[in-house]
Structure formats: C-alpha cells, structure tokens
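Undergrad: got a sequence here, can you build the structure:
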Amino acid sequence: MKTILSLLLLASSLALSHATCDVYCAYSAVLNKTIGPSGSVDRASYFFDEGLFAPSVYNAQDGQCSLQASFSGDSLVITGTVYAPNDPSTGFFINIQTTKATSGEWFLELDPSVYVQNGGYIDQSTWTHYSLVSGSLVGFGQYQVNLQLTESMHPLQVGVGANGKNANFGLSAWFDFSYNGSTRMSDINVDLTCQTPSTPAPTTVPTAAPTPAPTAVVTPAPTAEPTPAPTPVVTPAPTAVVTPAPTAVVTPAPTTSDGSTSGATSGATSGSTSGSESNSGSSGEYTCPPNAFVVRQAIADQYGANSYFAFIFNTSNDVQYRFDFVNDNGRFQVNSDNTATLTGTLAPLGTNPQDGVFDFDFTASINFQPGSVPAEPHQELHSDAYVPNGPVDTATWTYYQLTSATFTLTNGYGLSIIPYMDMEFQVGDGANGKNVNYGASAWFQFFFTDGNSNLIASGIMDINVDLVCEAAGASSTTGATSTTDSSVSGGAVESPTSPATTATSSASAASVSLLLALIVAIVLSL
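TA: Numbering: from 1, shown residues only. Here you go, the predicted model:
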C-alpha cells in the first residue's frame, strides 16, 4: 500500500505533462494546521514587510479562476489577479514567466514527518523546479505600484506538497523586489486545480499601473447539462402466490447527529452542478423526493473488486483499517441549496489488525457544497461497465466538494481530513466504484492525532457506499456492531445482505398458510 500511495503522489506530479492538464486554476493554499508551518496563514501571495501593502495577505478570487498557471513544454506562466481579503477593489496583477530548471534546493516547509525520507508520504524528488525569466506585480486600487520581481532564496517548485501549506498538488516560490530604494520579499503559495485546454487564458497583464480599479473576473465555462443514460431494469423471477400477501414495512433507523462543529476546510471552490433528485440503479429508476438516503457499504458486483467496508483508512505504513455504519444509521442528505451532508456512527470491522491503533467507534459529519465536473471522473469499475458497453454513464454523475468535516472519536483522539488529488465526492449510478448501484465515493487525506495533537497516523481515507432512498422504505440489512456493545465481541458483521433486498419473511409465511388452507378445503369437499 505504501508503494501504491507513492505512485499516486508521483502520478499527480507527472500530470503536468498530460495534454488535458496544461492549464490550472491557482487557488490560495489553505493552511493544514496539522502538518503546515506554525504561525502561517491561508494565502496566494504574501508580503513579508508588515504594513508595506497592508494587509500583507492577498488571495485568488474563490470560484472565479482569477489566477492561472499554464504549462507549455519547459515553460510555466502564472498570470491573473489577487485581491485584498476584504477589499476586492485593491490587489495586484501577477505576470510571472519561468522555465524548467535542472537543479535547485527543495524548500521543505511542512512537518518533517510527512516526507518520505522520514517515513511519510510526500516525495519531493517528484517535484519540478522552475527558474524566473521575468515577473511583475502591478498594483491597483489603494496601491498604484509596479514591482519588478527577481528570484530570491528558493526557485519556484511544483508538486504534491510543494506549496508549503498542505499536501495538495500546488506550487510555491519566493521573490525579491525593489521598493523605495530597499529590497523587499514576497512569496506565492497556491493549490493547482486542473482545467481543460479550452479554459481561456487571462488577459495580458498591463505594464503600467491602471487608473480604475478592475471589477471583472474570469467566469468559468458553464457545465453542460448531462442527459442520463437509461438503466436496465432487472425483472425478478415470478413467485407462485395464491393470494397476494401483505408487504412487510421496515422503518429506517433514525439519523445520528453529534451536534459538533467544523473541522478541515477545502481550499478549492465549487462549480455549478445540481443536487441529486433521483436514485436509479440495477433495481430500476425511481425518484427520491426528500433527497434523503440511507448510506451503506458498497458490495462489489460483477463489475467491481471485492470490498466489505464503508470507510477504509490506508495508512502510509501499509496498514488498512475498515469501518462500517452501526445499525444501518448512515445518512446522506441533499439540501434545497444543493449542499449536502454525510452523517453516521461507524465501528471497526472484525478483520482489522488487532494493534489497538484504530480500535474505536467514531461519529462523522461531513459537509459538502456543489462541486465542479472534473476532466476525468474517477472510474474504478471494469471498463465494460461504462457506456457504450455497460449501464454506467459518468455524464449523469453529480459532484460535491468538501467544506468541513467533524469526527468525534470514542477514545477522545482527533481525526481530520482534507481533499486528496482534487477528487471530489462523486454521486451517481456506478459512482461508488464497486457496483452499478446508485452510490458515492471519494478519497481524502486523513490525519489521526492523540489528545496532545501529536500525529499518530496519516494516509488516505477511501469512501465507497451505496445510497438507498430512505422514502422507499429501505430495510435495515447492513451495518457494523459498535465496539461499545457489550453483547458482541470481535468487531462487526462483514457479510451484509444486498442493499436491494426487501423484507419478505412474513409475506412467505402468509403465502404458505393460505396454500395449506386451500388444500385442506379441497380435501374436505371431496
């Protein structure tokens, strides 16, 4: 698993040369307080001389791709605009031209434990250096200045964890500039989110300070409205019944909520997608009017690989810990404003390593906002599952972006997550990566800390779940057993019934009784 994680991180860096990822939106790098430098802040650009261009911190416009990084051959160009946090009429036009460098010293700002030489998961040998060719910061609004940049102590660096604030794919650089006869310093720290080649480049940065304050920002291209592909309906085999038997109704388990508040925050911003309004899969297409779903572990079908978990924690030292919802209490709620929340209490499964590290239950509350459609959806099923050969059409999927996450652990320790490799929470038929049911999946980086905020373990948290419409009367057929339940030992049940199963035992008993009564009546009439 450690090798796999290293390869994934390497692949993220190599994505720079991918034809569909030569233009990136650059967003302010959000400080990860667990692994980021102490005393730092979220930012895209920063001036080290306090009060020089107060406030010292400037950010890219959220959701507008106001700052872009464009790769072409050996060149990297950073152009766009950054703004004062509370004054969009004040900011700087940025125009930085660089070329790939063959050597340079890595600037390692994160906690030493995250780097591979110390047993971590960030490999700076996969980063790329760029040397400054030319650069300028042209101020507008309150600061009408034209600052010419020169390379400072460290060259520009690009890669996973290279922004110096978190473990996302990004870049950072330090620059010097002359102002009022003295040399000052500025730096850039951004996350990079891949855009399609059709994304327009920003207008050329002016060489002189503009008089009016600009108000226009780059608007992302609208997302095309997808047309859902029809899902084949599986017709169940007919059952011989003399008289229709009443259907047993099972009331869904209530949603668990811990009432606690926010955790990790994503630095990326949302696109324009709509909330889920239908639940379609192998059982046929039907609507889910309240947009409330029961969340269950995704069991692999003929298109997917085996999995018996809802959440799995893959640590950087190649250990896996699997969890499932307790008593079928997982819930996914899509709200009227298209935000969404995933909640529930989870317990470890019985096959987990008995090392005591992840021997706890935890309550999760994960919040999302509408996300943007990625250039390439995350596809884990066999290739024949996807259109035109199979039933899964990724164009019908909906995407959500992490906004906050709160975890309450029974052992009192801490758990936090951040986005990983820009993968959003994807929802739709086959989106869980394990079967063609309506479901969801995502990857997040996790950080597990003790009561003193010391890092115990970190790695990738993988979610693979089915979403079953709660209004359809989903029966309680899956789930883990809480470690606090004294009546059960050794973890949770790992052989759940298929989510499509309905309660039929009472109906079968009634059918048998009616059949026996009919036989007796016929015999007595002879």
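Undergrad: now the strands for the stretch 101-250 of the chain?
TA: All strands of the stretch 101-250 of the chain, identified by DSSP state E, counting those that start in this stretch, fall at 128-140, 146-151, 156-160, 169-179, 182-195.
Undergrad: got the CA positions of the helix or strand containing residue 294 in CSV?
TA: In the assignment (DSSP states H and E), residue 294 maps to strand 292-297. Extracted C-alpha coordinates of strand 292-297, given in CSV (Å, rounded to 0.1, in the frame of the first residue of the first chain):
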residue,chain,number,x,y,z
ALA,A,292,-32.6,11.7,1.9
PHE,A,293,-30.6,8.5,1.5
VAL,A,294,-29.5,5.6,3.7
VAL,A,295,-25.8,5.1,3.4
ARG,A,296,-24.4,1.5,3.2
GLN,A,297,-21.2,-0.1,2.3
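Undergrad: neighbouring strands - and their directions - for that strand?
TA: Here strand 292-297 is paired, per DSSP bridges, with strand 330-334 (antiparallel), strand 455-469 (antiparallel).
Undergrad: now that strand: mean pLDDT?
TA: Strand 292-297 shows a mean pLDDT of 95.
Undergrad: what does stretch 183-195 give?
TA: The pLDDT scores in stretch 183-195 average 83.
Undergrad: low pLDDT regions in this protein?
TA: Along the chain, segments meeting pLDDT under 70 span 1-20, 38-57, 60-64, 196-286, 306-308, 316, 421-422, 473-526.
Undergrad: can you give me the helices for this protein?
TA: Ranges of helices in the chain, per DSSP state H, are 2-14, 505-525.
Undergrad: Throw the strands paired with strand 292-297 into a markdown table and include mean neighbour count and distance to residue 177, thanks.
TA: In this view, the C-beta of every residue, glycine as well, is placed from N, C-alpha and C. Listed next are these as a markdown table, based on neighbours: other Cβ atoms under 10 Å; distance: least, Cβ to Cβ, whole Å:
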| stretch | mean neighbour count | distance to residue 177 |
| --- | --- | --- |
| strand 330-334 | 24 | 48 |
| strand 455-469 | 23 | 37 |
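Undergrad: contacts only, for residue 163.
TA: Shown in contact with residue 163 (Cβ atoms under 8 Å, 6 or more residues apart in numbering): 29, 170-172, 189-191.
Undergrad: for it, give its distance to residue 354.
TA: Residue 163 sits 38 Å away from residue 354, taking Cβ to Cβ, to the nearest Å as the criterion.
Undergrad: now do residue 75
TA: From residue 75 to residue 354 the distance is 53 Å (Cβ to Cβ).
Undergrad: for residue 317, same thing?
TA: With Cβ to Cβ as the criterion, residue 317 and residue 354 are 16 Å apart.
Undergrad: more neighbours: which of the two?
TA: residue 317 (13 against 10; other Cβ atoms under 10 Å).
Undergrad: how near is that one to residue 122?
TA: 14 Å.
Undergrad: cool, residue 109 as well?
TA: Taking Cβ to Cβ, one finds residue 109 at 11 Å from residue 122.
Undergrad: so the two - more neighbours on which side?
TA: Using other Cβ under 10 Å, the more surrounded residue of residue 109 and residue 122 is residue 122, with 24 against 17.
Undergrad: can I assume that one is in contact with residue 112?
TA: No: counting by Cβ atoms under 8 Å, residue 122 stays clear of residue 112, with 10.4 Å between them.
Undergrad: okay, and the common contacts of those two?
TA: Contacts common to residue 122 and residue 112, judged by Cβ under 8 Å, 6+ apart, are absent.
Undergrad: residue contacts, the closest residue to residue 157 other than its chain neighbours?
TA: Spatially, and ignoring its direct neighbours in sequence, residue 157 is nearest to residue 127 (5.1 Å; Cβ to Cβ, 6 or more residues apart in numbering). For residue 127, the contacting residues are 13, 106, 157-160, 162, by Cβ under 8 Å, 6+ apart.
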